[in-house]
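Undergrad: fold the following and give me the result.
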Amino acid sequence: MIILKNEYEIAIMREANRILAHLFEHIEPMVQPGITTIELDREAELFIRSRGARPAFKGYRDYPATLCTSVNEEVVHGIPGPRVLESGDIVSIDVGALLDGFYSDAARSFPVGVISPSARRLLEVTRDSLEAGIAQAVPGNHLYDISAAVQKVAESGGFSVVRDFVGHGIGRSLHEAPQIPNFGRRGKGPVLQEGMTLAIEPMVNMGTHKVLIKSDGWTAVTEDSSLSAHFENSIAITKDGPLVLSAP
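TA: Numbering: from 1, shown residues only. Just a heads-up that it's a prediction; the model follows:
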C-alpha cells in the first residue's frame with residue numbers, strides 16, 4: 001500500500017532531508033585525495049546528530065555505518081573503512097536521517113581530485129537522469145514514467161542503468177511502497193497522486209548493468225568492474241509539481 005502524506009508530515013520530511021542537503025555541502029570539501037571513507041562517515045554521524053536527528057542507516061538490517069561510501073566500480077552499499085581516496089576516484093555517498101519519526105534519504109557522487117573526462121560525463125549523465133525522473137513526478141502521471149525518463153537519459157548517454165536495485169517510497173519507514181525501477185515503459189505502474197513521497201535514485205554504470213555482491217554481504221559492484229555513479233533525492237508529489245525534499 002502506498003501511504004500518502006499530509007502537509008504537516010511533508011514539512012517534517014523536508015526538515016529531515018534538508019539536514020542531508022546541508023551535510024553534502026559540509027562534506028564535499030572533505031572529499032579529497034588522502035581522506036579515508038571512515039573519516040567521512042564519522043564526520044557525517046557527528047553532523048546528523050548535531051542537528052537533532054539520528055543516522056537512518058546505522059543498525060538498519062545490522063548495517064554498521066552512517067554512510068554508504070561506494071568507490072569507482074562499487075555501485076551501492078559500500079561500507080566505510082580504512083580505504084584512502086585517491087585522485088581520479090569517484091565516490092558515491094548515500095545517507096539517511098531519522099527526525100521526529102520520519103526518514104530522509106539522498107545520495108551524491110563526487111569526483112576525487114582530477115578525474116577522467118569519461119568519469120565526469122558519467123556523473124553528469126547520472127545527475128541529469130535523476131532530474132529527468134523527478135520532472136515526471138506529477139499527479140496523473142504513472143510511476144514508470146519516472147523510470148522511463150531515467151532510462152532514456154542514461155542510455156542515450158551511452159551508459160546502462162542498474163536493474164537489481166531500485167528507488168522506493170519513504171516516510172515513517174525508510175523503505176515503503178512503491179518500488180521505483182530505473183527502467184520501464186511509460187504509462188505503466190500506479191497513477192501518481194498528491195501526497196506520495198518517493199526516493200528516486202538512478203544508479204548508472206559505464207559498462208554492463210549487471211552487478212555482483214561482495215563477500216561482506218553489502219557492497220554491490222559492477223560485474224565488469226566499470227565505474228558506477230549514484231544520485232538520489234527524496235521528493236514529494238504536490239499539486240504544483242515535484243517538491244525536492246533533499247534540496248538545501
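Undergrad: can you pull the contacts of the nearest residue to Gly169 once chain neighbours are set aside?
TA: Once flanking residues are discounted, Gly169 sits nearest to Glu176: 3.5 Å by C-beta to C-beta, 6 or more residues apart in numbering. The way it works is simple: take the backbone N, C-alpha and C, and place the C-beta from them, glycine included. By C-beta atoms under 8 Å, 6 or more residues apart in numbering, the residues touching Glu176 are Ile2, Ile3, His168, Gly169, Ile170.
Undergrad: which among these count as buried?
TA: Neighbour counting by 16 or more other C-beta atoms under 10 Å classes Ile2, His168, Gly169, Ile170 among these as buried.
Undergrad: going by distance to His230, which of these wins?
TA: Of all those, His230 sits closest to His168, with 14.0 Å by C-beta to C-beta.
Undergrad: confirm that the closest one sits in a strand.
TA: Yes. Per DSSP: H, G, I helix; E, B strand; the rest coil, His168 lies within a strand segment.
Undergrad: and the helices in the chain, which stretches?
TA: 7-27, 37-50, 117-135, 143-156 (DSSP state H).
Undergrad: show me which positions of the longest one end up buried.
TA: I take that to be helix 7-27. 9-10, 12-21, 23-24, 27.
Undergrad: skipping adjacent residues, who's closest to Tyr60 in space?
TA: Here the residue nearest Tyr60, using C-beta to C-beta, 6+ apart, is Leu174, at 6.5 Å.
Undergrad: and the one you found, how many neighbours?
TA: 18 (other C-beta atoms under 10 Å).
Undergrad: could you pull up the residues touching it?
TA: Contacts of Leu174 (C-beta under 8 Å, 6+ apart): Ala56, Tyr60, Gly96, Tyr103, Asp105.
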